[in-house]
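>>> everything below, folded, please.
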Amino acid sequence: MTNVELARFNMVEQQVRPWDVLDPQVLDLMESLPREAFVPAGYENVAYADIDIPIGHGEVMLAPKYVGRMLQALGIHEGDVALEVGCGTGYATALLARVCRQVFSVDIHQDFVDTTAANLKAQGIDNVTLETGDAAQGWDAHRPYDVIFISGSSPVLPEAFQESLNRGGRLVAFVGDSPVMQAILITRTGENEWQTEILFETEIKALENSTKPQRFVF
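Take a look at the predicted model:
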């Protein structure tokens, strides 16, 4: 086992698994995908550290344990069509693409889209459609989706996201105002029915142009 392979193994065993990520599919995905191929130049030595890695525009690569918990909650299957809002460098995109039939990933920053395209190509991943745009209010272009992964936070999650899910579809997002935000799982259980589960608390940068809560002014 090389030093990089050992670091990846330790990431899974010492960071991801202890965070109640026990789904064998998720653990295998994270142990097999080279995260060092997705970090910005100069950060390779901390690719497997339990930290958020800056990638530009004030954005970060989420710590591995967050990605693992969110993927586990989504319960992705072969045949799923996924929407990702905020591709960053393409790490979570690649994890989704290794299982899902098709991934549509949207980012407001063209350089992130370009970086992700190059990183996915280097890994031989060709079932991702990358688009540049503002998806903070939803992205209906390819709906309905089986899975939605939103990598930035939103003080108020627009209903357009949950309404673009297939029946049985799952959505993970960070919702709330700093400093208290919650990672949540929303599952569409019927035509006008959804279930919400709180996964964990954290603090994540808000999506650009995300919906702000209405404030009462006296």
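>>> all contacts plus neighbour counts: C-alpha atoms, from now on.
Will do.
>>> quick check on residue 18: phi, psi?
Reported as degrees, to the nearest 10, the phi and psi values for residue 18 are phi -60, psi -10.
>>> how many neighbours does it have?
Burial of residue 18, expressed as a neighbour count using other Cα atoms under 10 Å, amounts to 11.
>>> how about the contacts made by it?
By Cα atoms under 8 Å, 6 or more residues apart in numbering, no residues touch residue 18.
>>> for it, give me the pLDDT.
At residue 18, the pLDDT value in this model is 97.
>>> tell me which other helices or strands the strand ranked longest in the chain touches.
Longest strand in the chain by number of residues (criterion: DSSP state E): strand 165-177. Packing partners of strand 165-177 (3 or more Cα pairs under 8 Å, 6 or more residues apart in numbering; DSSP states H and E): helix 64-74, strand 145-154, strand 180-190.
>>> centre of the chain to that strand, how far?
If you compare the mean C-alpha spot of strand 165-177 with that of the full chain, they lie 11 Å apart, counting by Cα atoms, centre = their mean, to the nearest Å.
>>> that strand pairs with which strands, and in what direction?
For strand 165-177, sheet partners with direction are given as strand 145-154 (parallel), strand 180-190 (antiparallel), following DSSP bridges.
>>> average pLDDT across the shortest one?
Taken as a whole, strand 145-154 has an average pLDDT of 95.
>>> give me the residues contacting the helix or strand following that strand.
Later in the chain than strand 145-154, the nearest helix or strand by DSSP states H and E is helix 159-163. Contacts made with helix 159-163 from outside it, assessed by Cα under 8 Å, 6+ apart, are listed as 137, 138, 139, 148, 171, 186, 188, 194.
>>> residue ranges for the strands of the chain, please.
Along the chain, counting by DSSP E, strands occupy 53-56, 59-61, 81-85, 102-107, 128-132, 145-154, 165-177, 180-190, 193-202.
>>> let's have these in CSV, adding mean neighbour count and distance to residue 94.
Supplementary listing: the strands of the chain in CSV, determined by neighbours: other Cα atoms under 10 Å; distance: least, Cα to Cα, whole Å:
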stretch, mean neighbour count, distance to residue 94
strand 53-56, 15, 17
strand 59-61, 20, 13
strand 81-85, 27, 11
strand 102-107, 24, 9
strand 128-132, 18, 8
strand 145-154, 25, 12
strand 165-177, 23, 17
strand 180-190, 18, 20
strand 193-202, 14, 22
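>>> tell me the pLDDT of residue 204.
At residue 204 the predicted local distance difference test score is 84.
>>> list the contacts for it?
With Cα under 8 Å, 6+ apart as the criterion, the residues that contact residue 204 are 152, 153, 174, 181.
>>> how close does residue 17 sit to residue 78?
In this structure, residue 17 lies at 23 Å from residue 78, with Cα to Cα, to the nearest Å as the measure.
>>> same drill for the two, tell me which one is more crowded.
Set residue 17 next to residue 78 and count neighbours by other Cα under 10 Å: residue 17 wins out with 19 against 11.
>>> so who does that one touch?
Contacts here follow Cα under 8 Å, 6+ apart; on that basis residue 17 touches 27, 65.
>>> related to what we said a few turns ago, show the average pLDDT along the longest strand of the chain.
This predicted structure assigns strand 165-177 an average pLDDT of 96.
>>> same thing with stretch 104-124?
Over the span of stretch 104-124, the pLDDT mean works out to 98.
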